[in-house]
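Chemist: Sequence first, predicted coordinates after that:
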Amino acid sequence: MLFELGRTVATPGALKTIAEAHQTYAEFLGRHVAGKWDDLDDDDRKANEHAVAHGERVFSAFHTVTGKRVWVITEHDRSVTTVLLPDEY
């Protein structure tokens, strides 16, 4: 675990999308907190590494097995981590 997640929440749209893929949001949280930022380019990965080291916001993007995109965002103060769809941001 690279950082604390704080309180974890998920939007209704993300929960529905993940359930339709027969996955759980815990799967995406686990990948996020382990630094497996699957769908990010090198610059965004470096930004996350910096964010982890310096207490800034951490952002991950993933695809479900059905191809839908899911985002996971941990706030800079590690108070909350949100699982959401890109169009819910």
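Modeler: Nice, I can see it.
Chemist: contact partners of stretch 81-89?
Modeler: 5-11, 13-15, 17-18, 25, 28-29, 32, 61, 68-75 (C-beta atoms under 8 Å, 6 or more residues apart in numbering). The C-beta positions use only the backbone N, C-alpha and C, and glycine is treated the same way.
Chemist: try stretch 62-70
Modeler: So stretch 62-70 is in contact with 14, 17-18, 20-23, 28, 31-32, 38-39, 61, 71-72, 83-86, going by C-beta under 8 Å, 6+ apart.
Chemist: Show me which of those are buried.
Modeler: Applying 16 or more other C-beta atoms under 10 Å to these, the neighbour count classes 14, 17-18, 21, 23, 28, 32, 61, 71-72, 83-85 as buried.
Chemist: okay if I get the residues you listed as a markdown table plus pLDDT?
Modeler: Listed next are those as a markdown table, based on pLDDT from 0 to 100:
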| residue | pLDDT |
| --- | --- |
| Ala14 | 98 |
| Thr17 | 98 |
| Ile18 | 98 |
| Ala21 | 98 |
| Gln23 | 98 |
| Phe28 | 97 |
| His32 | 97 |
| Ala61 | 96 |
| Trp71 | 97 |
| Val72 | 97 |
| Val83 | 98 |
| Leu84 | 98 |
| Leu85 | 98 |
